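J.: Give me coordinates for this.
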Amino acid sequence: MQSDLIVLVSSAQTAARDADRRLLDEVRNLFQRNPDREFPPLVAALTHIDQLRPFREWNPPYDLAQSQGTKAQQIREAVEATATDLAVAIDRVIPVCLLEGKLYNVDEGLIPAIVASLGDAQRLKYLRCLREFKEEEYWRRLREQAANTGRILLKTGWRLLENAVQPTRHD
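T.: Numbers count the residues shown, from 1 in each chain. Here you go, the predicted structure:
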C-alpha cells in the first residue's frame, strides 16, 4: 500500500503468466479494498527477449511497430500476449534484455516508461504522505487533548481533595 509506482518483471520465456497475473490481481484487489488509495502506475518489464525464436538471432535494435524479421515479430507477439495476460496496456509492457553484454532497451524503453509514470507516481506519493500527515496530526492532537484533559481532571480532583480535607471553621 506504500507503493507509488509498480515495476513488474515478467519473463518472455514463460508463456504461463498465471503467477504474475494472480500477483497483479491481488495487488489490484488490495487497492480496490482501500478506496482512499489509487492503484499506482504500472510498468511491466518483459525480460529474456533475447531467448525468443530464432534463438541464435540477436541483432538489436528491433522495430516492433514494423515487426520486420522473425525475432522482431516474436518480441511483438510476446509483448501483446503479456499485455493481454496481465490486463495491462500494451504500451506499458517494455521488452528488455538484461543479460550482460546484450543489455537492450533499458535506457531507450524501460527508463523512459518509468520516467513517464513519475508524474502520476509523485501525485500518489503526495496524496499518501498528506493522508499520513493528517493521521499523525490527528493522533498528535488527540494525545495533547488527552494530556490536557488529564491535567484538568487532576487539578480538579486535587482541589476537591484539598477542600474535603481542610478543617472547617466554626465561629
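J.: Tyr138: neighbouring residues, count only.
T.: By the criterion of other Cβ atoms under 10 Å, Tyr138 has 10 neighbours. (Glycine included, C-beta is placed from N, CA and C.)
J.: Could you list every helix and strand in contact with the top helix by length along the chain?
T.: Secondary structure of the chain read by DSSP state H shows that its longest helix is helix 111-165. Packed against helix 111-165, as judged by 3 or more Cβ pairs under 8 Å, 6 or more residues apart in numbering; DSSP states H and E, are the following elements: strand 42-47.
J.: pLDDT averaged over the strand it packs on - what is it?
T.: Averaging pLDDT along strand 42-47 yields 98.
J.: Number the chain from 51, please
T.: Okay, residue one is now 51; in that scheme the one you just asked about reads as strand 92-97.
J.: Against which helices or strands is that strand packed?
T.: Where contact means 3+ Cβ pairs under 8 Å, 6+ apart, strand 92-97 is packed against strand 56-61, helix 120-136, strand 143-145, helix 161-215.
J.: ok, Ser53 to Leu74 distance?
T.: Using Cβ to Cβ, to the nearest Å, Ser53 is found at 12 Å from Leu74.
J.: re the thing from before, next, the angle strand 56-61 makes with the longest helix of the chain.
T.: Angle, helix 161-215 to strand 56-61, by axes from the mean of the first three to the mean of the last three Cα atoms, to 10 degrees: 130 degrees.
J.: Helix 161-215 vs strand 92-97, what angle?
T.: Interaxial angle, helix 161-215 versus strand 92-97 (the same axes, to 10 degrees): 130 degrees.
J.: So for helix 161-215, mean pLDDT?
T.: Averaged across helix 161-215, the pLDDT comes to 83.
J.: so how many other residues sit close to Arg87?
T.: Arg87 has 17 nearby residues by other Cβ under 10 Å.
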